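Asker: give me a 3D structure for the following:
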Amino acid sequence: MTMRLKMLLALLLAIAALAVFDRPAQVAVPEISEGPARVQRTAAVAPAQALFADTEPDDALVPDLFALNAEASAPEEALEPPVKPARPFTLLGFKREDGVREAYLLRNGDVLKVRAGAVLEQRYRVLALTDDAVDIKDNVSGAALRIGFEDHP
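Answerer: Reported below is the predicted structural model:
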């Protein structure tokens, strides 16, 4: 046998061994999520002993799945109390120098000195400085905020 034929035979044996003994690799495929799942609120369920007080403990307890529950049909707004949005800034104080009014705001440990018309963090625009508050507009959401001393203890 020639050397070329021996190498061809060895290659064929190797391919046959791979075909017989090789297992496909297990590829981990992450599950695709379409965003956070909405939590559904359910009404509290009474203990089974209270629902079936006249039955014996050996009986199988089967709740009525088709019974209407008045609490479950309540609108979702009634279940959740209104949440006051977090303020991005804390008002520290005001200063008037050479007829120009300035305010000092606290954000993440940094003190910012602002005037009317200033843009903070390329997101918030200072609309006006009043006697006891700073009016700010969030350019991303379009919400107008009033930052005053009464907002923070």
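
Asker: longest helix in the protein, by residue count?
Answerer: helix 3-21 (DSSP state H).

Asker: the one helix or strand residue 106 maps to: partners in the sheet, and parallel or antiparallel?
Answerer: Using DSSP states H and E, residue 106 sits within strand 100-107. Applying DSSP bridges, strand 100-107 is found paired with strand 90-97 (antiparallel), strand 110-114 (antiparallel).

Asker: so what touches it?
Answerer: Residues outside strand 100-107 that contact it (CB atoms under 8 Å, 6 or more residues apart in numbering) are 88-96, 111-116, 120-121, 126, 129, 134, 147. Backbone N, C-alpha and C define where each C-beta goes, glycine included.

Asker: which of those are buried?
Answerer: Neighbour-count burial within the contacts of strand 100-107 applies to 88-89, 91, 112, 114, 116, 120, 126, 129, 134, 147; the criterion is 16 or more other CB atoms under 10 Å.

Asker: can I get the CA coordinates of the helix or strand encompassing residue 134 in CSV?
Answerer: Per DSSP H and E, residue 134 falls inside strand 133-138. In CSV, the C-alpha atoms belonging to strand 133-138 read as follows (Å, rounded to 0.1, in the frame of the first residue of the first chain):
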residue,chain,number,x,y,z
ALA,A,133,-39.0,77.7,44.2
VAL,A,134,-37.3,76.8,41.0
ASP,A,135,-39.4,75.9,37.9
ILE,A,136,-37.7,73.2,35.8
LYS,A,137,-38.8,71.5,32.6
ASP,A,138,-37.7,67.9,31.8
